[in-house]
Each structure stands twice: as structure tokens, then as C-alpha cells.
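> this is the structure alone, sequence omitted:
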DNA sequence: ATATTCGCAAGTCATATGACCCGCGGCACT
DNA sequence: AGTGCCGCGGGTCATATGACTTGCGAATAT
């Protein structure tokens, strides 16, 4: 049983070239072609290909939006984005749209067919350059991620956290510290955010775990 | 010129196995072996290998810390982490420690030697399963990342941004809007954060690009 | 002419406030 | 009993303030 592939690209020449390459592979069958996003979505429903090769820059609907729509229609769809330019933004958008694969058109024919086989088995596919970019982005994001950088509370926040641990109401905390009730609520919200807790009770639990109090 | 590889793993058997595999490759030369992190760091400086194959779970210093140290000594070091278990945490830590490669020991001999060649050329290497995990993590992080969800300004912020665009000083903005100077500064800071700009001038530039003003 | 100091603009951070929303329990009206 | 309204606690958000830091240029001292 050969792998059924749909090819989406606005350039006829590119489509023809890829068609030629895939013709050489006995286990890969090109069953549909589309020239823009709308056509791609329509044809996907009609042909149910195993793998979609998706260009990004296209007139009408672009490849990212098309990918999103196809993934909405069929969460199991396997979409490999295939693009000339490896901007970080393209990669990011492709992944967020749900693509499992992302290749630059600079890849060799051999690499393309191997990648099609991989993605058809449900594996994720990324070329080296994009892997590098993704790693970089991941590092940058991790470092910025507030869950990593905000575990510590200010003096006021700690005061209030201690009262929370004694099950004190906002009203009572406000009286004790001579603050407006709204102010206390605000601090509680801050604490919840910093401790990644959904409410005051969980916050106290987390704080105890992390030895911030008691 | 063959690729000089250092192998770090606490299990003798694993080292011997990999040695055998690499012996079959004429362009890959195993020049050093270490059984824990400390030895790895020491030997790295002595032997200056092109590529380090690094296990994670080891007695004494683990592979993650060793990777971090090696990358501190030599930012251009090429470290490929090679591990039995593909936990998300291992992958994340390896990347944050600076590894360019991450492979599960489930890979084939063929894949290992190909990966060594790739990483020696400065390319990033990830096996399919880890690629999948990294994509997932990236998606999760991106969604939580406040830089993506906060492009919009409040009424006050917009007011102030417009004045910034006219090159107004904090003092003058404060007078015009009947606010304390500190308040204005605070709004400016918020705007900078939301627009991802380092200062007021860049903020205005970004705002114009994104059609938020003018 | 150079070094020092002073002041100011910009920016960061903790603090503070109230408007608003949501869910829930009690209470009145039917 | 059912329905609807009220009050209240909890939580989020925009707003507001001033203490503190830093970089820079102008004034002053050497």
C-alpha cells in the first residue's frame, strides 16, 4: 500500500518538479494537487491523502491558514510544510497551526522522500536548519517564561500569604494590615500568579511544598 | 580528516558497543572515553574532540552538568546527548545546557553515524520522537507566553503612546493628563513591555509598523 | 584640559485602589 | 416548590503613585 500524497503549491513548475521526483519512488503516490489554500482544504476532504505537502506563500489562502483548517477538519492529518524561506516566523506559525513536518525546499530529493515516509508513520520531521531554530526559540522562550523567573514574593506578598495560610478572609487581612479590601485581593491575585495556583487554598498548598512558609 | 569523537557513558558495555559500531565507519574516530562528568570535562580540554557523545545518567557529575561545563569552556563545543529515556525534562535540560544534538539510544547504528556527521558540520540533530516532544513543548510555551497575548494597549496606554509619538517628555505628558510623572513612567514601561521595545523611540516605531497609531 | 559632582530624564519595581465580573446562598414573591 | 433578585466573597484588570537606579550632559572644581 503506497503513501498517498497531496501537493499544495502555487507554482506549476515546483509542482511538476516534485511530481517527477516522487514518480521515482514506488511507494509514494501523488494523488492530488492544489494551487492555493482553499483548493487544498476542499481537495483534502475529497481525497483524504495520507500526507499533505504544503507551501506557505500562495495567493488566496496561504499555507498556514490552510494547515490550520485541515487540522481542524481532521486532527490526525499529517501536514508537512515545505517552504523556500526558513524564517523563524514561518516555522513558528506552521507548528502552531499544527504541522508535524517543516522542510526547506533546499532539501534533497532523497531527504524529501524519506521525510514523507517518516511523517506518514506519524513521526515528526524537521530539517537541520529548522531544528536549530526551534531549539533556539525554545531556549529563549524557556528563559522568558515567567513560571521560571517568578517564584519569589515581595515582603507584602509574603505577609499576606502567611495570613492566607491561616485561612483569613480578604476583609480581615485588609483590617489587619490597614489596607483597602481591593488591595488585598490584588495581592492575592499576584500570589496566585507567582505560585501558579488557581485559588488561595492551592496557593497555600504550593507554598508549603516549596518551603516558602511554615 | 576524520571526525574525532569522545564518548561519555558510565556503562562499559555501552561504550564497547558504540566503539564497535563507530569502528566500522572510516570517517569517524573514537579518540577518548569517559565514565562520568568530571572525567568528561577534563578529557575534553585535553583531547579537544570534534563531537562529544554524552550519556545523561551517570554517577558523580551527570551528563547535563558536564555539557553545561564543556559549553562554558568552549562555546563552540558540539555535544550530542544520547540517552535511554526520552523524558521531556531530559530533552529540555539538555537543550538549556547547550547541547546541539539529542538522540535516544533506540536509534540505529546508521542513524548514529549520520548524526555524528551532521553535528560535526555544525547542524542540529534530533531524533523523531524528541522532535515531536520539542514541537509540543514549543506550542505549549508559546501559548503561555505573555508576549503573544498582550499586543493590545489599554485606553490610557494608547493615549500615552500617541503623545510618545509626538516626542513628548514624561513631564509634559503628566501635565497634559493631570497625572504624576511616576505614573506616566509606569505606563511607558508597560507600553515598552507590550510592544517588546527597549525604549520609547523603538516603541513608536513598532506601533507605527503595527498600525496601532497614525 | 580633565575630573567630579549635580541634576534631570528615563526606566523598573513594589505598593495601593476601586471598578467590574462571577458564583452562590439566602430571601422574597408567587 | 419555583423563580428571581440581592448581597457578598473571591478574583481580574486598569489605573495611579513614589522610591530607587542608571545614563548623560552641564556646571564646577582642580
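Received it, and whenever you're ready, just let me know what you need. All values reported here derive from a predicted model rather than from experimental measurement.

> just give me the neighbour total for residue A:56.
The tally of other residues near residue A:56 (other CB atoms under 10 Å in any protein chain shown) stands at 23. Any C-beta I mention is one placed from the backbone N, CA and C, and that applies to glycine too.

> residue A:105 now?
Residues within reach of residue A:105, counting by other CB under 10 Å, total 16.

> for it, which non-adjacent residue is spatially closest?
Nearest residue to residue A:105, sequence neighbours excluded (CB to CB, 6 or more residues apart in numbering or on different chains): residue A:84, at 5.0 Å.

> could you check how far the one you found is from DNA strand C?
For residue A:84, the distance to DNA strand C (CB to the nearest atom of the strand, to the nearest Å) stands at 37 Å.

> could you do residue A:117 as well?
Taken as CB to the nearest atom of the strand, the span from residue A:117 to DNA strand C is 48 Å.

> equivalent analysis for residue A:99, please.
According to CB to the nearest atom of the strand, residue A:99 stands 35 Å off from DNA strand C.

> next one: residue A:198
Plainly put, residue A:198 is 13 Å away from DNA strand C if you go by CB to the nearest atom of the strand.

> just the pLDDT at that residue, thanks.
Listed pLDDT for residue A:198 reads 89.

> check contacts around it.
residue A:192 (CB atoms under 8 Å, 6 or more residues apart in numbering or on different chains).

> make sure it is indeed in a strand.
No - the assignment for residue A:198, made by DSSP: H, G, I helix; E, B strand; the rest coil, is coil rather than a strand.

> what segments of chain A are helices?
A:12-23, A:37-47, A:63-73, A:88-97, A:109-120, A:128-144, A:146-149, A:155-165, A:170-177, A:181-195, A:200-209 (DSSP state H).

> residue B:28 is nearest to which of these?
helix A:128-144 (18.2 Å; CB to CB).

> and the closest one, what's its mean pLDDT?
85.

> is it in proximity to chain B?
Yes - interface with chain B: helix A:128-144 contributes A:128-129, A:131-132, A:134-135, A:137-139, A:141-142, A:144 (CB under 8 Å from any CB of the partner chain).

> distance of the residue nearest the centre of chain A from DNA strand C?
For chain A, residue A:96 is the residue whose C-alpha lies nearest the centre (CA atoms, centre = their mean; 3.5 Å). Residue A:96 sits 28 Å away from DNA strand C, going by CB to the nearest atom of the strand.

> contact residues of chain A facing chain B?
A:92, A:95-96, A:100, A:118, A:123-126, A:128-129, A:131-132, A:134-135, A:137-139, A:141-142, A:144-147.

> list buried residues within the residues of helix A:128-144 next to chain B.
Among these, those scoring as buried are A:128-129, A:131-132, A:134-135, A:137-138, A:141-142 (criterion: 16 or more other CB atoms under 10 Å in any protein chain shown).

> give me the low-pLDDT residue ranges for chain A?
A:143-151, A:213 (pLDDT under 70).

> what residues does it put near DNA strand D?
A:169-171, A:182, A:185-186, A:188-189, A:192-193, A:199-200 (CB under 7 Å from any atom of the strand).

> how is chain A partitioned into domains?
What automatic domain parsing lists as the domains of chain A is A:3-143, A:148-209.

> state the phi and psi torsions of the residue nearest to residue A:105.
phi -70, psi -40 (degrees, to the nearest 10).

> cool, and residue A:100?
Residue A:100 has phi and psi values of phi -90, psi -10 when expressed as degrees, to the nearest 10.

> how about it: what's its closest non-neighbour residue?
residue A:124 (5.1 Å).

> so how many other residues sit close to whichever residue of chain A sits closest to DNA strand C?
Here chain A gets closest to DNA strand C at one residue, residue A:182, 2.1 Å apart by CB to the nearest atom of the strand. Residue A:182 has 10 neighbouring residues, counting by other CB under 10 Å.

> one step back: go through the helices of chain A and name the closest to residue B:5.
Proximity to residue B:5 (CB to CB) singles out helix A:128-144 among the helices of chain A, at 18.8 Å.

> tell me what the closest one is packed against?
helix A:88-97, strand A:101-104, helix B:88-97, strand B:125-126, helix B:128-144 (3 or more CB pairs under 8 Å, 6 or more residues apart in numbering or on different chains; DSSP states H and E).

> tell me how far the longest one lies from the chain's centre.
Using CA atoms, centre = their mean, to the nearest Å, the distance from the centre of helix B:128-144 to the centre of the chain it belongs to is 13 Å.

> re the thing from before, which of the helices and strands packed on helix A:128-144 sits closest to residue B:104?
helix B:128-144 (6.2 Å).

> got a list of what the residue nearest to the centre of chain A touches?
B:139, B:142.

> residue A:79 contacts residue A:98, doesn't it?
Yes - assessed by CB atoms under 8 Å, residue A:79 is found in contact with residue A:98 at 6.9 Å.

> so the two - more neighbours on which side?
Per other CB under 10 Å, whichever of residue A:79 and residue A:98 has more neighbours is residue A:79, with 29 against 18.

> ok, what's across the strand from that one?
residue A:52 (DSSP bridges).

> where's it relative to residue B:92, distance?
Distance, residue A:79 to residue B:92, by CB to CB, to the nearest Å: 25 Å.

> what's the answer for residue A:191, then?
Distance, residue A:191 to residue B:92, using CB to CB: 26 Å.

> and for residue A:142?
To residue B:92, residue A:142 is 7 Å away according to CB to CB.

> how about residue A:69?
From residue A:69 across to residue B:92, the span is 31 Å (CB to CB).

> what residues does chain A put near DNA strand C?
Counting by CB under 7 Å from any atom of the strand, chain A sits next to DNA strand C at A:154-157, A:179-180, A:182-183, A:185-186.

> ok, of those, which one's closest to residue A:11?
The shortest gap between residue A:11 and any of the residues of chain A next to DNA strand C belongs to residue A:186, at 55.7 Å (CB to CB).

> what is the burial count for the closest one?
By other CB under 10 Å, neighbour count at residue A:186 equals 14.

> now do residue A:73
By the criterion of other CB under 10 Å, residue A:73 has 11 neighbours.

> OK, contacts around it?
Residue A:73 makes contact with A:41, A:44-45, according to CB under 8 Å, 6+ apart.
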